[in-house]
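Visitor: Any chance you could fold what I've pasted below:
(one chain, ligands or ions: 1)
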Amino acid sequence: MRVLVSGGAGYIGSHTVVHLVAAGHDVVIVDSFANSKPAVIGRLEALTGRHLPVHAFDLTDRDKTERLFGDESFDAVVHFAGLKAVGESARIPLDYYENNLDATFSLVRAMRRHGVKLLVFSSSATVYGEQAPLPYREDYAPLQSSSPYGRTKVMIEQVLTDVAAADPSMRFALLRYFNPVGTHPSGTIGEDPQDIPNNLMPFLAQVAVGRRDKLIVFGDDYPTDDGTCERDYIHVEDLAAGHVAALGRLTTTNSPVSVWNLGTGRGTSVLELVHAFERAVGRELPYEIGPRRPGDLPRSWADPGRAHAELGWSTTKSVDDMCADTWRWQSANPMGYEG
Ligand code: UD1
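Guide: Just a heads-up that it's a prediction; the model follows:
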């Protein structure tokens, strides 16, 4: 299929581009480069052995989006583009609502005008909110989230569900990611946060490479085995494979909307992840226990059973793989793509 990948220069998008090409798809990237670096494209071309057409604009620009769909033909869209920092979303909520929703409106309008039926959307485990029982299952309702960022995901899921109800010929996959970490095993593409990393794994990687003094562990008084929060870390390579599987499933399913959790089903604590990363690096890493971060839940993990059954997909990589691959990328690219 000819697949438009929005946000294809970003962390998860770039890894998924490699998997889509390997599965035989023709990929076209649209990315504003607001939160990604043009240098990733050359790395992707080296990894895939293909020329990858890139359109550098923001999907909130409806005229440009419409022109792209007029000029090129697509069979499917994989939609990653969006703002994604939880803390920032509380400071500039209007930007988050406007950007994430407008980009989706513009994209889905263009799809409908040009007869493109298949869309894979990047949702998040954050849509389960604070009340959902563990493990998180796709049929849980009502969805809610504690941040404006998370609420854009809840809203977009709702918008897409309404669009599909009005036009049941559409096929939408809502993929709820747990905590994506790791990189392509080549170490040539990876996560490259613009500022101080908000998330645990990129922060830890920057401590290991000497860009940060120490990790602050956000609280060790949670009701978990070692007192630190537990998360379902999923290797980005497994996550990328999940997108290819979901896209394939959209071509055969009769359901206008499908929701799949992409996680391992296992929780790992902050300290367990720190120690796994220390094993990958081969030395101890400086950390200190700090106060809790507002909004953090003690534990989060998926029930991945539906994705196993319906996509024939499951994760293959361990936490040690996630750390080893991240370290390969970070040590070879200490300053990210511009290092
Ligand atoms: C966060 C977002 C989630 C988003 C996801 C994207 C929040 C509340 N949630 O998930 O909506 O979809 O990122 O990947 O921000 N930690 C530390 N020290 C650090 C950084 C993190 O101890 O410097 C801890 C956190 O308290 C948490 C765990 O590490 O327990 C994982 O944190 P993080 O990587 O930010 O992911 P989430 O908070 O689970």
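Visitor: what residues does the chain put near the ligand?
Guide: 86, 124, 126, 150, 179, 198-200, 203, 215-218, 229, 231, 270, 293, 295-296 (C-beta under 6 Å from any ligand atom). To be clear about C-beta, it is placed using only N, CA and C from the backbone, and glycine gets the same treatment.
Visitor: For the residue lying closest to S186 once chain neighbours are set aside, give me the pLDDT.
Guide: Nearest residue to S186, sequence neighbours excluded (C-beta to C-beta, 6 or more residues apart in numbering): L47, at 6.5 Å. pLDDT recorded at L47 is 98.
Visitor: Could you number the chain from 465 rather than 1 from now on?
Guide: Okay, residue one is now 465; in that scheme the one you just asked about reads as L511.
Visitor: so what's L511 up against?
Guide: 482, 648, 650, 652-653 (C-beta atoms under 8 Å, 6 or more residues apart in numbering).
Visitor: phi, psi of it?
Guide: Backbone torsions for L511, taken as degrees, to the nearest 10, come to phi -70, psi -40.
Visitor: just to revisit the earlier point, would you write a ChimeraX line that selects the buried entries of the residues of the chain next to the ligand?
Guide: Under the burial definition 16 or more other C-beta atoms under 10 Å, those of the residues of the chain next to the ligand that qualify are selected in ChimeraX by:
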select :550,588,590,614,643,663,664,667,679,681,682,693,695,734
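Visitor: Can you flag which of the residues of the chain next to the ligand belong to strands?
Guide: Judged by DSSP state E, these include 588, 643, 679-682, 695 as members of strands.
Visitor: Tabulate the CA atom coordinates of stretch 648-662 in CSV.
Guide: Output of stretch 648-662 as CSV, limited to C-alpha atoms (Å, rounded to 0.1, in the frame of the first residue of the first chain):
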residue,chain,number,x,y,z
HIS,A,648,16.3,0.5,16.3
PRO,A,649,19.1,-2.1,17.0
SER,A,650,21.4,-0.3,14.5
GLY,A,651,21.6,2.7,17.0
THR,A,652,21.2,5.1,14.0
ILE,A,653,17.7,6.3,14.8
GLY,A,654,16.3,7.0,18.3
GLU,A,655,14.6,9.3,20.6
ASP,A,656,16.0,12.8,20.6
PRO,A,657,14.1,15.2,22.9
GLN,A,658,14.4,18.9,22.1
ASP,A,659,14.9,20.1,25.7
ILE,A,660,15.3,18.4,29.1
PRO,A,661,13.6,15.0,28.7
ASN,A,662,10.3,14.6,30.5
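Visitor: What's the mean pLDDT across that stretch?
Guide: pLDDT averaged over stretch 648-662 gives 95.
Visitor: Strands of the stretch 615-764 of the chain, residue ranges please.
Guide: 635-641, 643-645, 679-682, 694-695, 697-699, 721-726, 732-733, 751-754 (DSSP state E, counting those that start in this stretch).
Visitor: Against which helices or strands is the last one packed?
Guide: The criterion is 3 or more C-beta pairs under 8 Å, 6 or more residues apart in numbering; DSSP states H and E, and the helices and strands that strand 751-754 contacts are strand 679-682.
Visitor: Give me the neighbour count for R601.
Guide: 16 (other C-beta atoms under 10 Å).
Visitor: Give me the distance between it and R640.
Guide: 10 Å (C-beta to C-beta, to the nearest Å).
Visitor: Overlap of the contact sets of the two?
Guide: N725.
Visitor: which SS state does F585 fall under?
Guide: Here F585 is recorded as strand under DSSP: H, G, I helix; E, B strand; the rest coil.
Visitor: is it in a bridge, and if so with what?
Guide: H543, L638 (DSSP bridges).
Visitor: And for H519?
Guide: Going by DSSP bridges, H519 forms beta bridges with V494.
Visitor: Mind pulling the model confidence for G759?
Guide: pLDDT, G759: 88.
Visitor: what's the spacing between it and G746?
Guide: 34 Å.
Visitor: just checking, which of the contacts of L511 belong to helices?
Guide: If you go by DSSP state H, the contacts of L511 have V482 in helices.
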